[in-house]
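no sequence for this one, just the structure:
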């Protein structure tokens with residue numbers, strides 16, 4: 001008998017197979033248990049070494065020994081006719097088959113149920129992280145918030161009369177004092193949005209000062225009775241709890257006396273903190289905004305409604321600002337309030353940009369006519385110029401406003417948005433942090449900080465920032481919207497739906513939220529839900545551009561390209577100069593094969609008006625891809641090749657997360673069909689599929705016929721189906737909270 005037959009008879013081969021399979025199973029189990037029991041890493045390594053060392057010993061044992069009814073004996077001592085190696089072989093077969101069944105079952109479970117478990121575990125991580133962040137106090141995140149001896153927060157004044165009428169008056173006194181103090185460039189003055197959160201607080205002065213990043217706190221109380229007013233103020237060094245200055249003002253109740261008191265308090269505080277006043281600042285402090293107390297109170301109430309940034313509150317704010325201007329037609333800040341609120345309503349409601357310009361421009365002009373050196377009016381002017389695309393003029397106005405009032409947080413806030421639009425993301429973050437230093441508890445400013453972090457690729461920090469905002473302002477919808485955007489970017493559509501639904505529930509009047517909600521459902525390939533969102537938007541915002549965008553996107557996702565083109569053509573005809581609508585029409589024109597129109601529209605937006613040249617950057621990359629496709633189909637070879645070179649150069653400078661579909665579309669343009677299909681497969685394999693429903697319409701049929709593309713598409717449909725099934729299960733969805 002040869003060696004091979006003898007090894008087979010003694011079950012050495014089967015022992016080897018069984019040992020390998022069982023060892024693999026042991027390692028899988030150990031790999032799962034070790035992290036749970038928090039055992040050190042060396043435990044897994046030690047078990048692996050032990051199993052490897054045991055392999056030759058097991059083979060030697062199978063060769064030299066045999067299992068008999070009397071126990072284990074040396075093989076040489078067993079009579080051949082009495083050997084039961086055949087029965088032992090059957091038992092080993094059962095061990096091998098049983099182990100293989102366990103392995104195959106594990107693979108099947110992982111394939112069909114693993115994704116759900118992964119998503120659910122991610123959701124549980126989010127729950128844990130939320131709990132941690134919500135318990136974390138508001139932190140000072142930036143250089144400009146370092147403590148200095150000329151920093152001050154004016155806490156909301158106490159209403160000593162304890163009636164509603166005096167409450168509004170007390171708020172007005174407090175707000176006007178902040179306005180006065182903010183004109184002193186040597187001081188760092190915390191904005192009203194942040195200090196209002198400490199109304200009726202029982203927190204110690206030192207804790208408040210730490211949270212706001214200041215050294216000095218001003219406390220006060222107001223009481224008006226008949227024709228008399230009493231204002232009691234005291235300035236405290238929060239570090240030492242020392243009273244630096246205190247005063248009681250008893251005066252006759254007139255607007256002149258009120259403003260005189262404000263000026264006197266501001267001057268005394270500056271002196272106590274050794275802050276020098278320039279002649280211009282002295283003159284500015286002595287100016288009176290209005291002589292009408294009712295107008296004054298209406299303005300203050302409008303400011304309070306403006307803080308929340310919901311569509312309903314903004315509409316109320318606008319009404320109060322209009323009332324203030326009616327009561328005092330020379331109240332410049334009342335016109336600024338109207339202009340700023342109109343601009344915000346274009347973002348937070350269904351008000352069109354065109355209507356904002358028509359109504360807002362005259363208001364700003366009126367404010368500047370009344371007070372040419374009013375910083376708030378110059379900031380509003382800059383903001384309007386920015387949205388008109390006049391970036392150089394906008395930047396000049398923002399900078400000029402800061403020379404007039406370096407403590408006006410809104411200037412930094414909105415100037416940051418201009419820097420964002422120009423692609424200066426680090427500067428965007430830096431200036432938003434300056435705004436946040438002056439108004440650390442403003443949710444709108446803090447959301448911009450998170451947004452800047454996102455643009456710089458710091459997504460983990462951005463997510464922490466969004467949760468921090470929810471911690472101190474749980475009813476502010478912008479933070480929920482921000483988290484939804486982050487989840488959407490990472491193709492976690494289950495959580496994206498959860499967070500956008502939170503945002504929508506807090507502000508049903510925001511058309512932008514509705515659009516994003518619909519887009520997420522389109523991404524999920526759930527057109528029924530997307531159409532339900534569209535139905536609500538059509539009812540609430542019938543002529544809003546966000547509603548039109550969602551309708552167009554649903555047409556595209558559903559393959560109704562002609563309908564999408566007809567709709568965008570109709571809207572473009574109503575507003576032919578609207579850049580957004582030109583670009584949207586260019587996309588649908590390209591999709592239906594109207595390449596000439598697409599190229600004309602894109603050149604109109606992006607070509608240099610003097611040289612006619614085109615330059616590709618990250619902001620216009622996707623539109624330039626559309627233009628390159630149009631050039632190719634129009635057989636404009638030189639233009640196509642020139643643009644293609646720029647696109648490839650730009651692509652080489654992008655991060656991996658930015659490339660995704662762009663690489664596939666360029667390969668498709670170049671007719672590198674197999675490469676495009678392979679890139680698509682790799683992308684889907686990495687679960688990166690954002691906006692697949694638009695981009696698949698731009699890929700050529702030759703790419704779509706590739707086996708790898710077909711395989712990837714099937715995988716994508718499976719991923720989306722799993723996410724829809726999780727959403728359909730209320731218990732799974734609730735766990736994301």
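In hand now; what should we look at? Quantities reported herein were computed from a predicted structural model and do not represent experimental measurements.

hang on, isn't residue 15 packed against residue 56?
No: using Cβ atoms under 8 Å, residue 15 makes no contact with residue 56, being 11.3 Å away. For the C-beta atoms, the positions are set from N, CA and C on the backbone; glycine is no exception.

So the two - more neighbours on which side?
residue 15 (21 against 10; other Cβ atoms under 10 Å).

Point out where the protein drops to low pLDDT.
Scanning the chain for pLDDT under 70 picks out 1-13, 29-45, 59, 62-147, 162-165, 609-611, 657, 730-737.

Burial check on residue 569, number of neighbours?
If you count neighbours by other Cβ under 10 Å, residue 569 ends up with 15.

In contact with it, which residues?
Applying Cβ atoms under 8 Å, 6 or more residues apart in numbering to residue 569 gives the contacts 585, 588.

Name the secondary structure element that contains it.
Using DSSP states H and E, residue 569 sits within helix 561-574.

Pull the distance from that helix to the chain's centre.
Remark: helix 561-574 is offset 30 Å from the chain centroid, using Cα atoms, centre = their mean, to the nearest Å.

Now the element after it, going C-ward?
helix 579-591.

how many degrees apart are that next one and helix 561-574 in direction?
On the basis of axes from the mean of the first three to the mean of the last three Cα atoms, to 10 degrees, helix 579-591 is oriented at 150 degrees to helix 561-574.

for helix 579-591, the distance to its chain's centre please.
26 Å.

Next, the nearest residue to residue 149 once chain neighbours are set aside: phi, psi?
Spatially, and ignoring its direct neighbours in sequence, residue 149 is nearest to residue 215 (5.4 Å; Cβ to Cβ, 6 or more residues apart in numbering). Here is the backbone geometry of residue 215 (degrees, to the nearest 10): phi -100, psi -30.

these two touch, right, residue 215 and residue 241?
No: here residue 215 does not reach residue 241: they are 11.7 Å apart, not a contact under Cβ under 8 Å.

if you count what's nearby, which of those two comes out ahead?
residue 215 (19 against 11).

Which residues does stretch 591-603 contact?
By Cβ under 8 Å, 6+ apart, stretch 591-603 touches 556, 561-562, 564-565, 582-583, 585-587, 589-590, 612, 614, 623-624, 626-627, 629-631, 633-634, 636, 697-698.

quick one: residue 451 and residue 295, what's the gap?
36 Å (Cβ to Cβ, to the nearest Å).

Give me the residue at the spatial middle of the protein.
residue 482 (2.9 Å; Cα atoms, centre = their mean).

Quick one: residues contacting the spatially closest residue to it that is not a sequence neighbour.
Distances taken as Cβ to Cβ, 6+ apart place residue 466 nearest to residue 482, at 4.6 Å, with adjacent residues excluded. Counting by Cβ under 8 Å, 6+ apart, residue 466 makes contact with 447, 450, 479-480, 482-483, 486.

What about those, which are in helices?
Using DSSP state H, the subset of the contacts of residue 466 located in helices is 447, 450, 479-480, 482-483, 486.

Quick check: which helices or strands does the helix or strand harbouring residue 402 pack against?
Assigned by DSSP H and E, residue 402 belongs to helix 391-404. Secondary-structure packing of helix 391-404 (3 or more Cβ pairs under 8 Å, 6 or more residues apart in numbering; DSSP states H and E): helix 375-387, helix 409-421.

Let me have these in CSV, adding mean neighbour count as columns.
Formatted as CSV, these follow (neighbours: other Cβ atoms under 10 Å):
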stretch, mean neighbour count
helix 375-387, 25
helix 409-421, 23
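
Save those helices as TSV, and put in distance to residue 281 too.
TSV is the format used below for the helices and strands packed on helix 391-404 (distance: least, Cβ to Cβ, whole Å):
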stretch	distance to residue 281
helix 375-387	12
helix 409-421	17
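
so how far is residue 412 from the residue nearest to residue 149?
Residue 215 sits 21 Å away from residue 412, going by Cβ to Cβ.

re earlier: quick check, nearest of the contacts of residue 466 to residue 572?
Closest to residue 572 out of the contacts of residue 466 is residue 482 (31.0 Å), distances taken as Cβ to Cβ.

And for the closest residue to residue 382 other than its chain neighbours, the neighbour number?
Closest residue to residue 382 apart from its sequence neighbours, by Cβ to Cβ, 6+ apart: residue 397 at 3.4 Å. Burial of residue 397 is recorded as 24 neighbouring residues (other Cβ under 10 Å).
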